[in-house]
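>>> Give me a model of this one.
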Amino acid sequence: MRQKSYNMETNNSKWVLGHKVTSHDTTGDYDLMFAETPPKVQGPPPHTHNSFKESFLIVEGEMEFFINGEIKTIKAGESVDIPPKTLHTFSNKSDSPCKWVNIHSPKGFRKFFDQMGVPADAKDAQQKSVAPDIIQKVMEKAVNFDMIIKA
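Below is the predicted model:
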């Protein structure tokens, strides 16, 4: 069987709530994404997942995480693991971009990025990804992707 490899700049790249997310196909029961967050970009609203385990590996820069009321700064080379039913969000509060790997297990959350994201090659894609109509769509439809927003 021939193995696939992926380029970071593929048509799988979308801007999702201000973050550039590139999904990668996997043969395992997990979703794998590579993301880039510009400086001073907020993450999604605080939320939980009933079924998904989520892991973040910071490759470059740093990300601030809010996990069950505790704030942690995770830096390049560090990771954080978020069990199901854990209230969390994240943001890049620094003056530098942050690059990170995101894994959801079991497979299925990729659909959120695919359906809520703006294609990376669209004009003003990052700005469009945080437009009020997109934010409203995310707030209304997040629960369909096992993303329970705790506003």
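
>>> Please enumerate the helices of the chain.
110-116, 125-128, 132-141 (DSSP state H).

>>> closest to residue 41 out of the ones you listed?
When those are compared by CB to CB, helix 125-128 sits nearest residue 41, at 8.6 Å. Where C-beta positions appear, they are placed from N, C-alpha and C, glycine not excepted.

>>> Give me the mean pLDDT for the closest one.
Helix 125-128 comes out with an average pLDDT of 96.

>>> what's the spacing between it and its chain's center?
15 Å (CA atoms, centre = their mean, to the nearest Å).

>>> Can you point out the buried residues in that helix?
125, 126 (16 or more other CB atoms under 10 Å).

>>> which residues are in contact with it?
Contacts to helix 125-128, defined as CB atoms under 8 Å, 6 or more residues apart in numbering, come from residues 14, 15, 18, 20, 38, 118, 119, 122, 134.

>>> Count the residues that sit near residue 85.
Applying other CB atoms under 10 Å, we find 12 residues neighbouring residue 85.

>>> isn't it right up against residue 48?
Yes. Counting by CB atoms under 8 Å, residue 85 touches residue 48, with 5.4 Å between them.

>>> and stretch 37-53, how far apart are its ends?
Terminal residues of stretch 37-53 are spaced 21 Å apart (CA to CA, to the nearest Å).
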